[in-house]
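Asks: Predicted model follows, preceded by the sequence.
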Amino acid sequence: MALAAVPTVASASIGLGVVVGANPANVTPNVASGAVYKLLQVGGTMYAGGAFSSVSTPAGVSPGGTFARGNIVAFNATTGVVASFAPSVNGEVWAMASDGASLWIGGTFTSVNGVARRGVAKLNPTTGAVDSAFNAKLASGKVTELALTGGRLLAGGTFPGKLRAVNPAGTRLVAVGNFTTVGGQTRYRAFMLTLGATASLNAWYYPPLRNLCRAGSLSDYMRDVDFSPDGSWFAVVSTGYIPQTGGVGRDLCDATARFETAVPNPTRPTWINYTGGDTLHSVAATDVAVYVQGHQRWLDNPQGADTAGPGAVSRPGIGGETRRRIALLPVF
């Protein structure tokens, strides 16, 4: 495969049954300075990875206080109590995956607990100890996404070879990034693989991904992808500012869009929702709604250009849309 930049790997989101509430939990630990790039829940424990050196608990959480945590922290998903899990990671954590018994982390680091591990490491999810038997031996680059399927770990990033994304059954994989061909065939910015004993390029392709957005310098405008829990569809999010003239409803510029896994040559997404000029960074496609995150100010804003166009709804930072029609979360 000829990939020119960072493809994204995503495992499917879980079935929730209901749209989540608008108010965030009051027990989540706070990062004093820095950022969180990835959250992963394993049983009753939530793991957060990013670029930070300490976290503090909000009022009411006991035991509370400030805890030194190097780019990764674990806490009780219900109570917010910070766990003793505290590996020393010398770089940012961008990705995590777990089978319940082990925790894999990916990022820009080169060592964990003083053990040389570039880009990806396997940890004990309770103690944070490095599994010495696992070593990906990456020569360079970073890992920005991880997923488990069929007993195999898939990784995406800037390292040589670059890997990709899977649906729940492990039969399909979708990648987004900055590339123009895959296996010698034209595939701009997104492609699908059919997985089996070997992987083959799927017929799925959306030709309008050839088009640039109004911010022509952002050739790598695709940002994230996620499969629905049943794998029958997936959603993508993007940057790029706004579409070129005539591109609204077709071009994926600062937008969320849904595609059907079984429709190989769509002429349009099933639906598309524009922010009106603000980037979306991540997406989670559940059974009842698609949740998006970014630095957006609005959703439902196809006519906006750094403005609130007709029908725009204020959704700073986070919002949701139903699987088939738009239905946004209240502001919190």
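Replies: Noted; the coordinates are in hand.

Asks: Is residue 319 bridged to anything, and to what?
Replies: Listed by DSSP bridges, the beta-bridge partners for residue 319 are residue 292.

Asks: residues of the least confident helix or strand in the chain by mean pLDDT that come out buried?
Replies: Here the helix or strand of the chain ranked lowest by mean pLDDT, DSSP states H and E is strand 152-157, holding a mean of 82. Using 16 or more other Cβ atoms under 10 Å as the burial criterion, the residues of strand 152-157 that qualify are 153, 154, 155, 156, 157. All C-beta atoms are positioned from the backbone trio N, CA, C, and that covers glycine.

Asks: Run through the neighbouring helices and strands of the helix or strand just after that strand.
Replies: The helix or strand immediately downstream of strand 152-157 is strand 172-176, counting by DSSP states H and E. Contact here means 3 or more Cβ pairs under 8 Å, 6 or more residues apart in numbering; DSSP states H and E; on that basis strand 172-176 packs against strand 190-194, strand 222-227.

Asks: residues in contact with the next helix or strand after the shortest one?
Replies: So that's strand 190-194. Per DSSP H and E, strand 190-194 leads on to strand 200-201 as the next helix or strand towards the C-terminus. With contact meaning Cβ atoms under 8 Å, 6 or more residues apart in numbering, strand 200-201 is reached by 182, 183, 185, 187, 191, 192, 193, 194.

Asks: Now those in a markdown table, please, with extra columns for neighbour count.
Replies: A markdown table is the format used below for those (neighbours: other Cβ atoms under 10 Å):
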| residue | neighbour count |
| --- | --- |
| 182 | 21 |
| 183 | 12 |
| 185 | 10 |
| 187 | 24 |
| 191 | 27 |
| 192 | 25 |
| 193 | 22 |
| 194 | 14 |
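
Asks: nearest to residue 300, of the residues you listed?
Replies: residue 192 (28.0 Å; Cβ to Cβ).

Asks: what sits opposite the closest one in the beta ladder?
Replies: residue 174.

Asks: if I look at it, how far off is residue 183?
Replies: 12 Å (Cβ to Cβ, to the nearest Å).

Asks: now residue 213
Replies: 26 Å.

Asks: that older thread, can I get the contacts of strand 200-201 in a markdown table including distance to residue 284?
Replies: Compiled in a markdown table, the contacts of strand 200-201 are given as follows (distance: Cβ to Cβ, whole Å):
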| residue | distance to residue 284 |
| --- | --- |
| 182 | 25 |
| 183 | 29 |
| 185 | 30 |
| 187 | 24 |
| 191 | 21 |
| 192 | 19 |
| 193 | 21 |
| 194 | 24 |
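
Asks: Closest to residue 133 out of the residues you listed?
Replies: residue 193 (28.3 Å).

Asks: just checking, the closest one touches residue 187?
Replies: No. Contact between residue 193 and residue 187 fails when scored by Cβ atoms under 8 Å: they sit 10.4 Å apart.

Asks: Identify each buried residue in the one helix or strand residue 321 maps to, please.
Replies: Assessed by DSSP H and E, residue 321 sits inside strand 318-322. Neighbour-count burial for strand 318-322, counted by 16+ other Cβ under 10 Å, picks out 318, 319, 320, 321.

Asks: what's the answer for stretch 82-96, then?
Replies: Within stretch 82-96, judged by 16+ other Cβ under 10 Å, the buried ones are 82-83, 85-89, 91-96.

Asks: and that stretch, how far out from the chain's middle?
Replies: Distance of stretch 82-96 from the chain centroid (Cα atoms, centre = their mean, to the nearest Å) equals 18 Å.

Asks: Kindly report the same for stretch 184-197.
Replies: With Cα atoms, centre = their mean, you get 19 Å for stretch 184-197.

Asks: Any chance you could list what contacts it?
Replies: Counting by Cβ under 8 Å, 6+ apart, 2, 149-150, 164, 166, 170-182, 199-202, 204-207, 209-210, 220-222, 225, 236, 261 sit against stretch 184-197.

Asks: Swap in 7 Å and give it another go.
Replies: Identification of contacts with stretch 184-197 by Cβ atoms under 7 Å, 6 or more residues apart in numbering yields 164, 166, 170-182, 199-202, 204-206, 209-210, 222, 236.
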